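Undergrad: Sequence and predicted structure below; questions after.
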Amino acid sequence: MKATVAICTHNRAEDVREALFSLLQQSFTGDYEVIVVDNRSTDNTRLVVQEVKRMTSIPILYVYEERLGLSVARNRAIREAKGDYILFLDDDAAASKNWIEGIVSVFESDPRIGCVGGKIDPAWEGAEPTWLLPENRTLYTILDYSQEIVEMKKPAIPFGANVAFRKSVFDTLKPFREDLGRVGSNLLSSEEAELIDRIRSRYTVYYTPHAWVRHKIPRSRVSRKWLLRRIYWQGVSSAVSSERKTGIFVKSVLKVPVFLALTVVFFFDKHRIFRNISKIIYNNGLISGVLRTYN
């Protein structure tokens, strides 16, 4: 089996249907399978997968994972996968027609490539917010790294909505850390960054714009409140995944009053105010993340 496409999902049956449909129309002519890891859903995800399975000859495997957590579900997919390459597609994303072909071709160009990511276009439910700052676009899982196939140098990483791994890397490296990644409704992250950092010790990481996906951004996320919550959890995630927790804690405690003062100074500049509030929230997340590891 050349490739395994894995979709990990929790209570998004209709989104899974759309994601699966996009995988039935691929240009890739090699053998591939699809695995849907149902992470303790309570909706009709199982029925949707069975319905789509009856429409195609492409092998589709439904796996129920009782333990809640995105990293748990991804690791289950890795264990179940039979392909030489495992491609992760978010349950609320749709793959372009050349997606599998584009990812596999990069892997096949060089055996030293351990991870490949692709372009992620946003599918806004409504208009893109005018208040969204350029540095915050990545928090909505938007990625447009290069117009050509290139190596991604640290600290740049692919995003989980469109990322693939050479299956054999997991013969010698542990998969996703299960103390990182989303669990239920929390926004804990950094599981991809931590894994890719370890992969870079032995392999290269590449990006291709030719294997793109379209990722949904629902109205419920298009608000400053959601974005600040996402920024807070990014801080928590960065602290939990770091080995330099003492330094993070001290620096964050010192930075918070500085950004508070800057918020007052630039009170009439709404963009600077939001930028400084974001930094305060992020550093609060860092502090919480450090304290979380000692509880």
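TA: That came in fine, so what should we check first?

Undergrad: who does the closest residue in space to Asp110 that isn't next to it in sequence bridge with?
TA: Of all residues not flanking Asp110 in the chain, Thr204 sits nearest, at 7.4 Å (Cβ to Cβ, 6 or more residues apart in numbering). Yep, even glycine has a C-beta here, placed from its N, CA and C like the rest. Legend: beta-bridge partners of Thr204 under DSSP bridges are Ile113.

Undergrad: Got the phi and psi for the closest residue to Ile120 other than its chain neighbours?
TA: Leaving aside its sequence neighbours, Ile120 sits nearest to Leu143 (Cβ to Cβ, 6+ apart; 4.3 Å). Per-residue torsions, Leu143: phi -140, psi 120 (degrees, to the nearest 10).

Undergrad: and Leu143, how many neighbours?
TA: 25 (other Cβ atoms under 10 Å).

Undergrad: Helices along the protein, start to end?
TA: 13-23, 45-53, 70-80, 99-109, 191-199, 224-241, 245-265, 270-293 (DSSP state H).

Undergrad: Convert the C-alpha atoms of the fourth one to CSV, please.
TA: Only the C-alpha atoms of helix 99-109 are listed here, as CSV (Å, rounded to 0.1, in the frame of the first residue of the first chain):
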residue,chain,number,x,y,z
TRP,A,99,-3.5,16.2,-3.1
ILE,A,100,-2.4,12.6,-2.6
GLU,A,101,-0.3,12.6,-5.8
GLY,A,102,1.4,15.9,-4.8
ILE,A,103,2.4,14.7,-1.3
VAL,A,104,3.6,11.2,-2.4
SER,A,105,5.7,12.7,-5.3
VAL,A,106,7.6,14.8,-2.8
PHE,A,107,8.3,11.8,-0.6
GLU,A,108,9.4,9.7,-3.5
SER,A,109,11.9,12.4,-4.7
